[in-house]
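Colleague: have a look at this prediction, sequence included:
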Amino acid sequence: QVQLVESGGGLVQPGGSLRFSCEASGRTFGRYTMAWFRQAPGKEREFVALITSNNDNTSYADSVKGRFTISRDNAKNTVYLQMNSLKLEDTAVYYCAAGNVPLPVGADPYRYNYWGQGTQVTVSS
C-alpha cells in the first residue's frame with residue numbers, strides 16, 4: 001500500500017508560480033510512474049504531467065507544456081510539480097497519483113492505483 005500526501009497549493013495571481021510536493025510512504029516509490037492530474041469544478045479529471053520510475057521519461061499535457069515541470073527524488077520518496085506562468089484556467093484541485101503505468105497510457109487516470117487527497121490551486125487576480 002502506498003499513501004500519497006500533497007502539499008504546496010494555494011492562491012496565486014496570473015503569471016505567478018507554485019511548487020507542489022507529493023511525498024509517498026513505503027519502499028516501492030521508485031518502482032512507480034508518478035503523475036499529476038487536476039480537476040476543475042464541473043469537469044473531468046485531466047492529465048497534467050508524468051514521470052517514469054527511472055526518471056528517463058516525462059510527458060506533459062499540451063496545455064501546460066513549457067510552463068510546468070515534473071521531477072522526482074527517489075531518495076526522498078517525493079515527486080514535484082513546478083508550475084510557472086500560471087493562468088486562470090489552471091485553477092483546479094491537483095492530485096498526485098502513482099502506479100505501474102506504461103508511458104503510452106500514462107494519461108489515463110484509471111491506470112493509477114494510488115491517489116493523494118488533492119490540493120487546491122486558485123489562480124486569480
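Modeller: It's in.
Colleague: from here on, just use CA atoms for contacts and neighbour counts.
Modeller: Will do.
Colleague: any figure for the gap between the residue nearest the centre of the chain and residue 42?
Modeller: Centroid-nearest residue in the chain, with Cα atoms, centre = their mean: residue 36, separated by 2.0 Å. Distance, residue 36 to residue 42, by Cα to Cα, to the nearest Å: 19 Å.
Colleague: follow-up on the earlier one: what's the helix or strand for the residue nearest to the centre of the chain?
Modeller: Using DSSP states H and E, residue 36 falls within strand 33-39.
Colleague: partner strands of that strand and their direction?
Modeller: Sheet pairing of strand 33-39 (DSSP bridges) gives strand 46-51 (antiparallel), strand 92-99 (antiparallel).
Colleague: can I get those in JSON lines including mean neighbour count and distance to residue 106?
Modeller: Converted to JSON lines, the strands paired with strand 33-39 look like this (neighbours: other Cα atoms under 10 Å; distance: least, Cα to Cα, whole Å):
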{"stretch": "strand 46-51", "mean neighbour count": "24", "distance to residue 106": "7"}
{"stretch": "strand 92-99", "mean neighbour count": "25", "distance to residue 106": "9"}
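Colleague: and those strands as TSV, adding distance to residue 4 and mean pLDDT?
Modeller: Listed next are the strands paired with strand 33-39 as TSV, based on distance: least, Cα to Cα, whole Å; pLDDT from 0 to 100:
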stretch	distance to residue 4	mean pLDDT
strand 46-51	15	97
strand 92-99	7	96
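Colleague: partners of residue 7 in the sheet?
Modeller: Beta-bridge partners of residue 7, as defined by DSSP bridges: residue 21.
Colleague: sorry, that was for residue 12
Modeller: Under DSSP bridges, the beta-bridge partners of residue 12 are residue 123.
Colleague: contacts only, for it.
Modeller: Contact analysis of residue 12 by Cα atoms under 8 Å, 6 or more residues apart in numbering lists 18, 121, 122, 123, 124, 125.
Colleague: that's a helix at the second one, yeah?
Modeller: Read it as residue 121. No - using DSSP: H, G, I helix; E, B strand; the rest coil, the assignment for residue 121 is strand, not a helix.
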